[in-house]
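Q: attaching a predicted model along with its sequence, questions to come.
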Amino acid sequence: WHATWRALGVGTADDAEFASLLQRYDEPHRAYHTRRHLAECFAHWDGVRAQSERPGEVELALWYHDAVYDPRRDDNEALSAALACEAILRADLSESVAARVTDLVLATQHADVPATGDAALLVDVDLAILGASAERFDEYEREVRREYAWVPGPVFRWKRRAILEALVKRPQLYATEHFQRIAESQARANLRRSVVQLGG
């Protein structure tokens, strides 16, 4: 946290903001989008940080990308981006930094091809779980199911299968050469196995 803000030129990070952010990732309705997800993201980020044009901005986007997470909403990324933007402006950083970080957080909606190299790195880090070991991926799938425990089983299986099948149909799951090399093959195997388990 402190290193991220130093990379942005801010000498003193807001510890109260950090505590508030961690409380969000500790919310009881979360099973996957937790501190563990953050830690896994940053572990992957360490391997690609040197490829980033503005690493401090990507790191801040990582901290905030799931700050708001309610599986019943469809505006989590927008609300998370707004929190990041507010923190950036409170730290007296420029509106251009706020705009770029906002765009990075919004990129984790995974709706479009990443528009920049930094967005590609961030999106691939966020999706690295797809290429985890079979054991960790299956655990991830169980965690996602717990976050959607309020959805009836048949409906969840149908919708989840559709999401995973759409991923499998992508020409490439990852936008960067690094993740294509280390995670693409395993991710496709994980996704195909999960589609079968869901009844596809």
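A: Nice, I can see it. Residues are numbered from 1 along each chain as shown.
Q: which stretches in this protein count as helices?
A: 2-7, 15-25, 35-46, 55-64, 76-90, 95-107, 117-126, 134-147, 153-168, 177-197 (DSSP state H).
Q: I'd like those as TSV, with mean neighbour count, mean pLDDT and distance to residue 70 appended.
A: From N, CA and C alone the C-beta is placed, and that goes for glycine too. Shown next, in TSV, are these (neighbours: other CB atoms under 10 Å; pLDDT from 0 to 100; distance: least, CB to CB, whole Å):
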stretch	mean neighbour count	mean pLDDT	distance to residue 70
helix 2-7	16	96	25
helix 15-25	14	97	11
helix 35-46	16	98	15
helix 55-64	24	98	15
helix 76-90	19	97	6
helix 95-107	20	97	16
helix 117-126	23	98	18
helix 134-147	15	98	10
helix 153-168	14	96	17
helix 177-197	17	97	24
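Q: list the contacts for the spatially most central residue of the chain?
A: Nearest residue to the geometric centre of the chain (CA atoms, centre = their mean): residue 126, 3.5 Å. Applying CB atoms under 8 Å, 6 or more residues apart in numbering to residue 126 gives the contacts 41, 65, 108, 110.
Q: doesn't residue 122 make contact with the third one?
A: Looking back up the chat, that one is residue 108. Yes: counting by CB atoms under 8 Å, residue 108 touches residue 122, with 6.7 Å between them.
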